[in-house]
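K.L.:
make a model of this:
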Amino acid sequence: MPPQMSFSDVCRSNSGVKLKASAEPPALTREPKSDKQESIMEMGNGCDLFNEMKNNFLSFKKHKYMENLEHFQALSKAQAPKFMVIACADSRVCPSNILGFQPGEAFMVRNVANMVPTYESGPSETNAALEFAVNSLEVENILIIGHSCCGGIRALMSMQDEVDSSSFIRSWVIVGKNAKLSTKAAASNLSFDQQCTHCEKESINCSLLNLLTYPWIEEKVKKGELSLHGGYYDFVDCTFEKWTLDYKGSVMEGKNRVVVKNQSFWC
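P.N.:
From the prediction side, this is the model:
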């Protein structure tokens, strides 16, 4: 039995695979590739991707890490970010890329549709990160960033039933059910796409209210030690909206409606 090829073996032999492929005569039809051939070609493409990743890392090391060695050595001992950022896992939405956060400046958690469950909802990766960022790192700002064309919000708005236990996505995005209900009440005359856009922003505000259900977050907000912010990135037009929760105003509304301040539009 021939020995199995390792991933590195495939990487080294990838150039040979390409040469063999280019040497084949053109034809209108070809024999379908075997599963083994497809696997080798896919692994070869993976090698190209990781070679690019390697070059990016080495460039980062040379031009950023080594040129700011003292800063990175300090970060290796401790972190003291001013921001916690809760953003969507969408590959088109990278907070560091669009807002320029540098290492050590923002503690980040990304999930589907940038949602924050209520305190009563129980443990999740998001509220575990909140606990660490607020109580251990003592961040001064929490920024929730939503975005245009959000698949998670579209899934929420498309749901016919409240919960489908067979779908992890449905079980998660139901966190935004209040945003969906508010959207249906306020924008029922709009097209489905317009309703999704409305809900993308409404969901951010509902998550800001959900943050106040955590006693240790509300206590710090009340004392002025922590500020809660919303942000909306429209990557179609490349614009960004930012606003801040007005805690006193929201409390007067009974904590079921967001009152905001310091709104700004960046374009």
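
K.L.:
from residue 184, how far out is residue 190?
P.N.:
Using CB to CB, to the nearest Å, we find residue 190 at a distance of 10 Å from residue 184. For the C-beta atoms, the positions are set from N, CA and C on the backbone; glycine is no exception.

K.L.:
what about residue 70, neighbour count?
P.N.:
Taking other CB atoms under 10 Å as the neighbour definition, residue 70 ends up with a count of 7.

K.L.:
measure residue 53 to residue 117 for me?
P.N.:
Look at residue 53 and residue 117: by CB to CB, they are 33 Å apart.

K.L.:
the more surrounded of these two?
P.N.:
The residue with the greater number of neighbours, taking residue 53 and residue 117 and applying other CB under 10 Å, is residue 117; the counts read 20 against 10.

K.L.:
a strand runs through the more buried one, doesn't it?
P.N.:
No - secondary structure assignment (DSSP: H, G, I helix; E, B strand; the rest coil) places residue 117 in coil, not in a strand.

K.L.:
which residue, other than its chain neighbours, is closest to it?
P.N.:
With CB to CB, 6 or more residues apart in numbering as the criterion, residue 117 has its nearest non-adjacent residue at 4.8 Å, and that residue is residue 175.

K.L.:
which residues touch the one you found?
P.N.:
115-117, 121, 210 (CB atoms under 8 Å, 6 or more residues apart in numbering).

K.L.:
which one of those is nearest to residue 247?
P.N.:
Nearest to residue 247 among the contacts of residue 175 is residue 210, at 14.0 Å by CB to CB.

K.L.:
which SSE is the closest one in?
P.N.:
helix 192-211 (DSSP states H and E).

K.L.:
residues of that helix that come out buried?
P.N.:
Buried positions in helix 192-211, judged by neighbour count with 16 or more other CB atoms under 10 Å: 195-211.

K.L.:
ok, now stretch 130-140?
P.N.:
130, 133-134, 137, 139.

K.L.:
still on that earlier bit, save the contacts of residue 175 as TSV, and put in distance to residue 258 and pLDDT too.
P.N.:
Supplementary listing: those in TSV, determined by distance: CB to CB, whole Å; pLDDT from 0 to 100:
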residue	distance to residue 258	pLDDT
115	15	98
116	13	98
117	17	97
121	19	92
210	11	96
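
K.L.:
farthest pair within those?
P.N.:
Set against one another by CB to CB, these have their most distant pair in 115 and 121, with a gap of 10.3 Å.

K.L.:
which residues in the stretch 151-267 of the chain form strands?
P.N.:
227-234, 239-245, 260-266 (DSSP state E, counting those that start in this stretch).

K.L.:
give the buried residues for the second one.
P.N.:
Neighbour counts using 16+ other CB under 10 Å place 240-245 of strand 239-245 among the buried residues.

K.L.:
quick one: the helices in the stretch 1-150 of the chain?
P.N.:
Counting by DSSP state H, counting those that start in this stretch, the stretch 1-150 of the chain forms helices over residues 7-23, 35-60, 69-75, 95-99, 125-131, given from the N-terminal end onward.

K.L.:
any idea how far residue 74 is from residue 141?
P.N.:
Counting by CB to CB, the gap between residue 74 and residue 141 amounts to 21 Å.

K.L.:
I misspoke; the intended subject was residue 265.
P.N.:
The separation that residue 265 has from residue 141, given CB to CB, amounts to 19 Å.

K.L.:
comparing those two, which residue is more hemmed in?
P.N.:
Shown here are residue 265 and residue 141; by other CB under 10 Å, residue 141 has more neighbours (15 against 10).
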